[in-house]
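**Q** Have a look; sequence and predicted model below, questions after that.
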Amino acid sequence: MLRAIQGIYMLRPVWAVLLSLLAGAGLIAIAGVNPGEAYAALFGGAFLDYYGLASTLAKMSPILLAGLAVIIPLRVGLLNIGAEGQIYMGGLFSSMAALLLPEMSPVVQVPLCVLAGALGGGLWGLIPGYLKAYRGINEVIITILLNFIAINLVSYVAGGPMMQEGAPYPYSEEIREGLWLPYIMPHTDAHLGVVVGIVLCVVAWFVFRFTTVGFGLGMIGKNPVAATYSGIRVRRNVVAVMFVAGAIGGLAGTFEVLGLKHRLYHLFSPGYGFDGIVVAFLAQLSPLMAPVAAFFLSGLKVGGLIMQRAVGLESTVVEAIQGLVIIFVAASLAFRFDRGNWRRFLERRRLLDAGIAGGITNNSGGRS
Amino acid sequence: MTAQGLRLEKISKTFGDFKALDGVDMTVPRGTVHAILGENGAGKTTLMNILYGLYQPDGGRILIDGAPQRITSPRRAMELGIGMIHQHLMLVETLTVVENVVLGLPGQGMRLSLAEHARKLEALAKSFGFDIDPHQEVWKLPMGMRQRVEILKVLYRDANLIILDEPTSVLAPSEVEGFLEGLRRLRAAGKTIIFISHKLDEVAAVADRVTVLRRGTVSADLAVAGTPPSEMARMMVGRDVVLTTLEKTSPTSDEVLVRIRDLKARDNRGNQALKGVSFDIRAGEILGVAGVDGNGQAELAEALTGLRQAEGGTVELSGEDVSAAGVYERRHRLGISFVPEDRHGTGLVLDLPVYQNAMIRDFRESPFSSGPMLRAASARKVAEDWVKRYDVRLQSVDQAIRFLSGGNQQKLIFAREVECRPRLLVIMQPCKGLDVGAIEAVHRTVLAERERGTAILYISTELEHILSVCDRVAVMCAGRITGIIAPEEATPERIGALIGGLEEEKVA
Amino acid sequence: MSWAGDVSSLVDFFSTVLRLSTPIVFAALGGVLAERAGVFNVSLEGCILGGAFGAATGAYLLGTPVGGLVFGILFAAAIGCVLAGLAVGLGINQLVTGIAINILVLGLTSYLARLILGADATSTLPGFAPVAIPLLSSIPLIGPVLFNQDPLAYLMYLAVPLSYWFLYRTPWGLNVRAIGDYPVAADTVGVSVPGVRAICVITSCVLGGLGGCYLVLCQVFVFTENMSAGKGWIALAAVILGRWNPALVFVACIFFAFSEALQLRLQFNNPDVPYQLFSMVPFLASFVALVAFAGRVRPPAAIGTKYVRGGK
């Protein structure tokens, strides 16, 4: 019984998703659409169709990397709401490396573009990391403000200095084909970014699980005072972690530009950084679960558009569902699994049952 | 017995599987001072929290002036004329005295008439001989003053029954007499006072009657007049108190291992908390540091272990100046170990399993890791070995350490800090919240380390503990060491004078 | 600064400042209230958006601005109840809850707006018209700037001194301040910590919602997706800069609104430069101001921590 409760408890995110799909069905029904049909179109389109699956994987690349950019600092106790800005800075730096540097062999320039993107995002993570560690300024507000700055900065660059002549709205010249990321499914948009994302997730899992560095970082997240006491340089690690997280966010933007858009567009990320937060919570901060969560979420987004075409329902409903997912996951955080508590709970149940069976149901039966 | 006053009948309270109180009876007639004696964990605080409506009893009843009452909340307690002064003062430091007094006062309407309340408060303070500025912010007041604010807070609410939970633990000895005098004045004004303590002399000085609690039950209820303190002590512990020094087999060596000179540091608020501290510790010597809490002991421990940046002075270990070393270097290369005061906040990561808590100190070294990789299997084996040798009671080393009792948690911390064979072991308040058995285990470990030749700094506010294990005792007051003496010369008067800063010895 | 000498242009500029400041001031006052009670209200952004959505829906369905105001307040209060329930009631991390709420509100309002407002989303909604206060509005310069505003702006004028009075001159304000600094002290004298916190959080969200109502009913008269556009975050920065004191927070909001008005002016005067360069200004100003001043201020001590009686 205890084991069963523990199992139910472990599956919290699944319950959260099911609940939000249920609540989402209500939202769909309000619009006068049959939820069953809508969900069939949504999930069928996103996961069971070759091109749909490819689109899902293409979308999964930035969402997964953004998720990792939230998960890693959160395990160290830092809330990185700045993945969005880091994506933009990654896109900016990598497209600058692709378009402004003299033409080089792709073997040299592609890694250079990727590094530049990681650096751009990394810098955007370094700033809140430094301010948090050495000035004690809340990282949530700083990362949010930096998001707006980065978004506007990219819009400015894409609509000003780097704008293609005669473009109807802000975007840059096209990046030459030699620098594009390879595709992983023929005739589709699915590019290598998602594979890199999954590899990085495995690396992050390995580091946290099996290395001393990861153990130290986890300790900072669980009890920074104890971490200091054990000789870990907490401030330095906070800055480093935010840099790494920012760099991973930067990679999300880099791959979006080099793999999918092939230009620097203004507003090229429709909030992937925030999707990353949803992924982080849905995956319960586990890097290994992050690909699953990101896959689901990307499918939801891609499927939303397919569903809109199929049954004429506004695709924004999936954003509402996504919002419900995160709120239910957040609510489920309140239920901590405590063996002792559950054992007492079961004991009380047993006593109550015994009491009912014996025909005496007094309230004090629970107290022992 | 008179019905006027307070009467508790068969009060019980269980937390989880732990019986904190088991059928406690007590009678406190109006206008008397009643002391409740007991060791840590005897149930004193739980009993008072029940009386103040913070907890509900599982069984039993409370009678006030003969009428049974259910005290469902602190507000209800106040309506019944019960006021409580907690061990940790319940004052908002950023607010003024009068704001603290007025906070939560019922029947105020919409306007906060501070001026009027301040006037009334001053008059009330005068009538009890307290002199206080109502508009002063609390953080600017000394501890003794703050405690008076607390007392005024309950008096202002017309409390007739005042509960004081270990009120002298935050006071300097020089402030204690003034405080006891205040209690006598309150009694003279017809107030009933319940006074929780584990300090026998204070009880003897002021109380009329005493109830002794042991493990949640009443072990004695007697008049103070005519009861010798040693009798009370026996009732409290349940056996004769051993005040003799524990056996030490080997003498201290002459080698000075640790030399501290003129160490200075600031506290978190930026105040000078260590004002130039100097002492030596020899190999195989336990130097005790006594004093009232908050006189620079925490800063001393942190400055020694590198957790706090020293502002001046030197720390030498075997002749090497290590003042510039960081936490990591001190712990690993220099072999400084630290048992911190705050087990949960500093010494452990409560959410991690026991075996990972065992490796907090040395997870970067063998056998816990090799190179960058952790070695979980060998860490488990080490933890299991320690658990056996230090008698840590648990289900499995994979259990989160949160679910272990305080004593078992402390044993694990000691194992971790001692098994690495340190040269200097700094221990801060190691017996806080532990039962007698665990305290003995802790002291046995400390003495075993002494035999091994470790230099030990034992910081505690429990004078009895210090006197029973230490080779020499340094007394701290207001950021200075006011004297270093051998336990044989340590009469209560002598230590009291040093603790209060009334006397200062030239320290070599 | 060719427009500096021109009085009507100056009036125009300062009324713009005031107009832009109103939603931020409402939200920031909400932030002060919640943070003074020890709850980090990161969901202000969502409250503004939710208030705006509610206002649009109410104005659209009932055809009156008052209906919009009522709906806006109710929607924001509902958000407040969710936040209070999760962060105060269940004790879930306040930052996590707030961010979750922001994401939820963004998705929900986008969808529901298309559903309810649908095709009419771009047509103007009924709103509040400016009401000139007799006599006062004819004072040169100050009159047209301050006293020819819409009712919600006047409400904002009231809200600032009112919050100050509430925090420093009433017993309830004293409770709030005590709970934000040392909740145990308040608990032991019989003040309900969760109760006060919940009320503060809900009021805080309603204030944020009023900011959203202002956007829809007094400024643009339409609802657009994500129209809060970071105002809630600027408000949070203003709370820190204003040191949790309503009067100073108001000044900080005016500073941010000033930078926003300035950037609009710069956009207008420099049509050849992409406007995004300027629209970054308010965020940059918030960022710089935070970095320059935030390290030295002391927030309410118990902020962000859940309160559990008798435990850690």
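**A** That came through fine. Because the structure is predicted, anything quoted here is derived from the model rather than measured.
**Q** tell me the contacts of residue 88?
**A** I went with chain A, as the question did not name one. Going by Cβ atoms under 8 Å, 6 or more residues apart in numbering or on different chains, A:Tyr88 touches A:Asn147, A:Ala150, A:Ile151, A:Leu153, A:Val154, A:Gly253, A:Phe268, A:Ser269. The way it works is simple: take the backbone N, C-alpha and C, and place the C-beta from them, glycine included.
**Q** ah, I was thinking of chain B
**A** Per Cβ under 8 Å, 6+ apart, neighbours of B:His88: C:Val184.
**Q** And B:Glu316, by the same measure?
**A** B:Val258, B:Arg259, B:Ile260, B:Arg261, B:Val322.
**Q** if I look at A:Pro128, how far off is A:Leu145?
**A** 9 Å (Cβ to Cβ, to the nearest Å).
**Q** So these two - more neighbours on which side?
**A** Ranked by neighbour count (other Cβ atoms under 10 Å in any protein chain shown), A:Pro128 and A:Leu145 place A:Pro128 first, with 32 against 28.
**Q** The more buried one and A:Gly82 touch, don't they?
**A** Yes. Contact between A:Pro128 and A:Gly82 holds when scored by Cβ atoms under 8 Å: they sit 6.1 Å apart.
**Q** So what's the residue count around C:Gly89?
**A** C:Gly89, neighbours per other Cβ under 10 Å, totals 15.
**Q** how about the residue of the stretch 101-250 of chain A found nearest chain B, secondary structure?
**A** Going by Cβ to the nearest Cβ, chain B is nearest to A:Gly231 of the stretch 101-250 of chain A, at 3.5 Å. Assigned with DSSP: H, G, I helix; E, B strand; the rest coil, A:Gly231 falls in the coil class.
**Q** Can you give me every residue that contacts the residue nearest to B:Arg402 when sequence neighbours are not counted?
**A** If the residues on either side of it in the chain are set aside, B:Arg402 comes closest to B:Leu350, at 4.1 Å by Cβ to Cβ, 6 or more residues apart in numbering or on different chains. Neighbour list for B:Leu350: A:Lys222, A:Asn223, B:His344, B:Ala400, B:Ile401, B:Arg402 [criterion: Cβ under 8 Å, 6+ apart].
**Q** sec struct for B:Leu350, please.
**A** Of the three states, B:Leu350 takes coil according to three-state DSSP.
**Q** Double-check that C:Ser163 belongs to a helix.
**A** Yes. C:Ser163 sits within a helix when classified using three-state DSSP.
**Q** What is the nearest of the contacts of B:Glu316 to C:Pro194?
**A** Nearest to C:Pro194 among these: B:Ile260, at 47.7 Å, using Cβ to Cβ.
**Q** separation between that closest one and B:Glu311?
**A** From B:Ile260 to B:Glu311 the distance is 14 Å (Cβ to Cβ).
**Q** Give the residues shared as contacts by A:Pro128 and A:Gly82.
**A** Common contacts of A:Pro128 and A:Gly82 (Cβ under 8 Å, 6+ apart): A:Glu139, A:Ile142, A:Thr143, A:Leu146.
**Q** B:Ile484 in helix, strand or coil?
**A** Following three-state DSSP, we place B:Ile484 in the strand state.
**Q** How many neighbouring residues does C:Gly91 have?
**A** Using other Cβ under 10 Å, C:Gly91 has 16 other residues around it.
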